[in-house]
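[1] Next input, structure requested:
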Amino acid sequence: MSVKQINVFLENEPGRLAEVTSALSKAKIDIRAVYVTDSTSYGILRLIVNQPDDAKIVLQSMGFTVSISHVIAVALKDVPGTLDQVLEILSSNGIQLEYLYAFVGRASVDAVVLLRVDDREKTLEIFEKNGIKVLDDKEVYGI
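    Next comes the predicted model:
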């Protein structure tokens, strides 16, 4: 089970991020989560949206370099220590965490954590064994 994440390569120039959000707004595509990493001259924008395939088409048509990758979304109680438990499980099972970001949705009391790992299938098996609730794409896009 995984969620499609949109990855957009952005030059560090005034207004570039606004071009992306404007295009998605005009296409009636709702952003659920956003994560930006940057360097001196460029950034990588990672988005969870309710229509990832459409978002890719819209952004590519505007000349953006766009890819789709898959991340795991887990629902965690929004209390201290739950993220630590998940990270300890990954660590003790030799799973390399590439990055994560989180948000609290409007349709749930749980926090949603999005994880990119080096072995998605193994991670899903470990989460199932440990009772960690993994969300499917429809659940995440609907939050």
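
[2] Only C-alpha atoms from now on, for both contacts and neighbour counts.
    Noted.

[3] can you give me the helices in this protein?
    16-26, 52-61, 82-92, 120-129, 137-141 (DSSP state H).

[4] Return whichever strand in the chain runs longest as PDB; C-alpha atoms alone will do.
    Using DSSP state E, we find that the single longest strand of the chain is strand 65-77. Written as PDB, here are the backbone C-alpha positions of strand 65-77 (Å, rounded to 0.1, in the frame of the first residue of the first chain):
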ATOM      1  CA  THR A  65      10.300  18.700 -14.300                       C
ATOM      2  CA  VAL A  66       7.900  16.400 -12.400                       C
ATOM      3  CA  SER A  67       8.100  12.800 -11.200                       C
ATOM      4  CA  ILE A  68       5.900  10.600  -9.100                       C
ATOM      5  CA  SER A  69       7.300   8.400  -6.300                       C
ATOM      6  CA  HIS A  70       5.600   6.300  -3.800                       C
ATOM      7  CA  VAL A  71       5.600   6.900   0.000                       C
ATOM      8  CA  ILE A  72       4.000   5.100   2.900                       C
ATOM      9  CA  ALA A  73       1.400   6.900   4.900                       C
ATOM     10  CA  VAL A  74       0.700   5.900   8.500                       C
ATOM     11  CA  ALA A  75      -1.800   7.100  11.000                       C
ATOM     12  CA  LEU A  76      -0.400   7.800  14.400                       C
ATOM     13  CA  LYS A  77      -2.100   9.000  17.500                       C
END
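
[5] ok, E139 - contacts?
    E139 sits next to no residue when contact means C-alpha atoms under 8 Å, 6 or more residues apart in numbering.

[6] follow-up on the earlier one: can you list the helices of the chain in JSON lines and add distance to H70 and mean pLDDT?
    What follows is the helices of the chain, written out as JSON lines (distance: least, C-alpha to C-alpha, whole Å; pLDDT from 0 to 100):
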{"stretch": "helix 16-26", "distance to H70": "20", "mean pLDDT": "96"}
{"stretch": "helix 52-61", "distance to H70": "11", "mean pLDDT": "98"}
{"stretch": "helix 82-92", "distance to H70": "17", "mean pLDDT": "95"}
{"stretch": "helix 120-129", "distance to H70": "9", "mean pLDDT": "94"}
{"stretch": "helix 137-141", "distance to H70": "10", "mean pLDDT": "82"}
